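Peer 1: got a sequence here, can you build the structure:
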Amino acid sequence: MDIIAQIESGALDADLVKIKEAVDARLNVARASRKLDDYAIGARVRFNEKTATRYMVGQYATVITKRQKKLVVRPEVALGRFARPNGVPAEV
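Peer 2: Residues are numbered from 1 along each chain as shown. Got it, this is the predicted structure:
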């Protein structure tokens, strides 16, 4: 039985908090190691907690082009200063 099936069946209920913490930690490591080349034009991305503009955290955007060290993204929901049509540069 794989781990997903065990979680779904309730076999690991006593360890769910530890599993969640381990998964969150692993996701942070995996996301931190991403490079500019890992993103394709048209990819859907999410602003994370490293975003300086706090109200954008959790918002989704689409990569519209790449610059030397940045992605230019178009937010799915126009908010604040990002409510312009040309997209905004975002650090990777």
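
Peer 1: quick check: bridge partners of the residue most central in space within the chain?
Peer 2: What sits nearest the mean C-alpha location of the chain, by CA atoms, centre = their mean, is residue 46, with 4.0 Å. For residue 46, the beta-bridge partners are residue 60 (DSSP bridges).

Peer 1: which residues in this structure form helices?
Peer 2: Assigned by DSSP state H, the helices in the chain fall at 3-9, 16-32.

Peer 1: what's the offset of the shortest one from the middle of its chain?
Peer 2: Averaging C-alpha positions (CA atoms, centre = their mean, to the nearest Å) puts helix 3-9 25 Å from its chain's average.

Peer 1: for the protein, give me the ranges with low pLDDT.
Peer 2: For the chain, applying pLDDT under 70 flags the ranges 1, 82-92.

Peer 1: could you break the chain into its assigned domains?
Peer 2: 1-33, 38-92 (automatic domain parsing).

Peer 1: how many neighbouring residues does residue 55 have?
Peer 2: 12 (other CB atoms under 10 Å). From N, CA and C alone the C-beta is placed, and that goes for glycine too.
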